[in-house]
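Engineer: any chance you could fold what I've pasted below:
(2 chains)
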Amino acid sequence: DGGITQSPKYLFRKEGQNVTLSCEQNLNHDAMYWYRQDPGQGLRLIYYSQIVNDFQKGDIAEGYSVSREKKESFPLTVTSAQKNPTAFYLCASSVNRGGNQPQHFGDGTRLSIL
Amino acid sequence: RKEVEQDPGPFNVPEGATVAFNCTYSNSASQSFFWYRQDCRKEPKLLMSVYSSGNEDGRFTAQLNRASQYISLLIRDSKLSDSATYLCVVTIQGGKLIFGQGTELSVKP
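Structural biologist: Below you'll find the model as predicted:
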């Protein structure tokens, strides 16, 4: 089945540790996105990529890094510089970043601090 | 002022009720509009796009008022399975999506 796969579903991080969240899609979508969702809040954009080997910062990129070496994959690293990483992380993709393209989401990764 | 604002709810309604959600947006150059549904602790899923002329999908009707900068979602004959959080989403220049914080709906038997 076509879709977006995020792993792991749950992740625990120790203080000072970097962790990487995986996002893979087989929809042949050009654009991919990472969002963070905190309780009672809307989704906030961390990073996005419109094409392989290119990515742009979103609204809350500090403490995060990404790469886009393959069209199918857009991993997110939560670095130790991110002081409040506990959140629900959602990866999404769309055909392209055109104005009328809806985004489709993976089922998310819940990150918690130990 | 938030770019996209929704009534957070919760809306508690009996089965069979009709319920309406409103959403306002601040950017007059907003291009596209969507409603997403998010179940508890799950990812958002696209419910429907919102077109200028209004559109309907079964029990769901979406409307857009560009002059007043608001979007609405009407759910008729609500079912228990409609219980979820409904997210209003607006696209601005460059294709960036702005999400509202969501309106929680709880349908009771």
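
Engineer: residues in contact with the spatially closest residue to B:Gln101 that is not a sequence neighbour?
Structural biologist: Excluding the flanking residues, the one nearest B:Gln101 by CB to CB, 6 or more residues apart in numbering or on different chains is A:Gly42, at 4.4 Å. Any C-beta I mention is one placed from the backbone N, CA and C, and that applies to glycine too. Taking CB atoms under 8 Å, 6 or more residues apart in numbering or on different chains, we find A:Gly42 in contact with B:Val4, B:Leu87, B:Ile98, B:Phe99, B:Gly100, B:Gln101, B:Gly102.

Engineer: secondary structure element holding A:Gly42?
Structural biologist: Using DSSP states H and E, A:Gly42 falls within no helix or strand.

Engineer: so how far is A:Tyr64 from the closest residue to A:Asn18 other than its chain neighbours?
Structural biologist: For A:Asn18, ignoring the flanking residues on the chain, the nearest one in space by CB to CB, 6+ apart is A:Thr79 at 5.0 Å. In this view, A:Thr79 and A:Tyr64 are 7 Å apart by CB to CB, to the nearest Å.

Engineer: okay, these two: which has more neighbours?
Structural biologist: A:Tyr64 (21 against 15; other CB atoms under 10 Å in any protein chain shown).

Engineer: farthest-apart pair in the contacts of A:Gly42, please.
Structural biologist: For the contacts of A:Gly42, the farthest-apart pair by CB to CB is B:Ile98 and B:Gly102; their separation is 12.9 Å.

Engineer: of those two, who's got more company?
Structural biologist: Remark: of B:Ile98 and B:Gly102, B:Gly102 carries more neighbours, 26 against 21, as counted by other CB under 10 Å.

Engineer: mind listing what that one touches?
Structural biologist: Shown in contact with B:Gly102 (CB under 8 Å, 6+ apart): A:Gly42, B:Gln6, B:Pro8, B:Gln38, B:Thr85, B:Tyr86, B:Leu87, B:Cys88.

Engineer: got it, and B:Ser68?
Structural biologist: Contacts of B:Ser68 (CB under 8 Å, 6+ apart): B:Thr24.

Engineer: my guess is B:Ser106 meets B:Phe11, correct?
Structural biologist: Yes. Shown here, B:Ser106 and B:Phe11 form a contact pair, counting by CB atoms under 8 Å, at 6.9 Å.

Engineer: who's in contact with residue 14?
Structural biologist: No chain specified, so I'll use chain A. A:Ile113, A:Leu114.

Engineer: oops, chain B please
Structural biologist: So B:Pro14 contacts B:Val107, B:Lys108, B:Pro109 (CB under 8 Å, 6+ apart).

Engineer: which of those residues sits closest to B:Phe33?
Structural biologist: Nearest to B:Phe33 among these, with distances taken as CB to CB, is B:Val107, at 24.1 Å.
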